[in-house]
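1. Give me coordinates for this.
(2 chains)
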Amino acid sequence: GAGVSQSPSNKVTEKGKDVELRCDPISGHTALYWYRQSLGQGLEFLIYFQGNSAPDKSGLPSDRFSAERTGGSVSTLTIQRTQQEDSAVYLCASSLAPGPGGYTFGSGTRLTVV
Amino acid sequence: AQKITQTQPGMFVQEKEAVTLDCTYDTSDPSYGLFWYKQPSSGEMIFLIYQGSYDQQNATEGRYSLNFQKARKSANLVISASQLGDSAMYFCAMREANTGNQFYFGTGTSLTVIP
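-> Numbers count the residues shown, from 1 in each chain, chains lettered A, B, ... in the order given. Predicted structure coming up:
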């Protein structure tokens, strides 16, 4: 596709439920990032995928968070047993290579846990 | 210590005037990249401009320029001839060659352009 696509754009879930957020990066982009942006805050790094290498999970806030990337393309971020503090916008970004160049962000998924 | 510091939570500028958004950074890595992103109310992050640590000249992209002062570790964004559509959040970010995998983002500056 022309840009990074994220779905759903909005998700409201009940506390304790599991949610899956999807990211379709730009075709051919090998690097993929997940970030979280809480209301009025900057972006918090969650996880990074680069090609077939083991992902950098150092930003995941707890073991309720996990992510996978199938076939080096689509990525899914899963949050288990959601809590109210998980409410945030989850942004995905991709780039052609892990160099210092610019990254393309998706429009994000706004997650609200009630 | 914060990797990226943006000290201006909110800024106002008159339409057609220039505005400078401040950003300072902290790194011991000699190789790094500095980025500015714009986030309008729609929520998407829009890449504006990039400056590499070894670049000799300040980066420019249309009405955006980056005032890179390496010794002071500052990377201020200058927007010339402000337009109403420039009203948005602006984030400064850094990526280090050694840590490699993540951007460090500042807390952002909310810019409002006044007609």
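2. low-confidence ranges in chain A?
-> Within chain A, the stretches with pLDDT under 70 are A:1, A:97-102.
3. now do 90
-> Scanning chain A for pLDDT under 90 picks out A:1-3, A:27-31, A:38-43, A:50-54, A:58, A:70-72, A:95-104.
4. With chain B instead?
-> Using pLDDT under 90, chain B drops low at B:1-2, B:41-47, B:56, B:95-104.
5. show me what contacts the closest residue to residue B:53 other than its chain neighbours?
-> Once flanking residues are discounted, residue B:53 sits nearest to residue B:32: 4.7 Å by Cβ to Cβ, 6 or more residues apart in numbering or on different chains. Quick note: C-beta positions are derived from backbone N, CA and C, even for glycine. By Cβ atoms under 8 Å, 6 or more residues apart in numbering or on different chains, residue B:32 lies in contact with A:100, B:25, B:52-53, B:94-97.
6. Skipping adjacent residues, who's closest to the most centrally placed residue in chain A in space?
-> Closest to where the C-alpha atoms of chain A average out (Cα atoms, centre = their mean) is residue A:34, at 3.3 Å. Distance criterion Cβ to Cβ, 6+ apart; nearest residue to residue A:34, sequence neighbours excluded, is residue A:46 at 4.2 Å.
7. Am I right that the one you found is in a strand?
-> Yes - assessed by DSSP: H, G, I helix; E, B strand; the rest coil, residue A:46 belongs to a strand.
8. That one and residue A:33, how far apart?
-> Applying Cβ to Cβ, to the nearest Å, the value for residue A:46 to residue A:33 is 8 Å.
9. With residue A:107 instead?
-> Look at residue A:107 and residue A:33: by Cβ to Cβ, they are 15 Å apart.
10. What are the buried residues along stretch B:15-34?
-> Residues of stretch B:15-34 classed as buried by neighbour count (16 or more other Cβ atoms under 10 Å in any protein chain shown): B:19, B:21-25, B:27, B:32-34.
11. Near chain A, which residues of chain B? Just list them.
-> Residues of chain B found near chain A (Cβ under 8 Å from any Cβ of the partner chain) are B:4, B:31-33, B:35, B:37, B:42-47, B:50, B:52, B:91, B:93, B:95, B:97, B:100-108.
12. near chain B, which residues of chain A show up?
-> Taking Cβ under 8 Å from any Cβ, the part of chain A that reaches chain B is made up of A:33, A:35, A:41-45, A:48, A:50, A:56, A:58-59, A:89, A:91, A:93, A:98, A:100-108, A:110.
13. Do you have the strands of the chain handy? List them.
-> Just so you know, I chose chain A. In chain A, the segments counted as strands under DSSP state E are A:5-7, A:10-13, A:19-24, A:31-37, A:43-50, A:65-69, A:75-79, A:88-95, A:104-105, A:109-113.
14. sorry, should have said chain B
-> Secondary structure of chain B, counting by DSSP E: strands at B:4-5, B:10-14, B:19-21, B:24-25, B:32-39, B:46-52, B:60-61, B:64-69, B:74-79, B:88-96, B:104-105, B:109-114.
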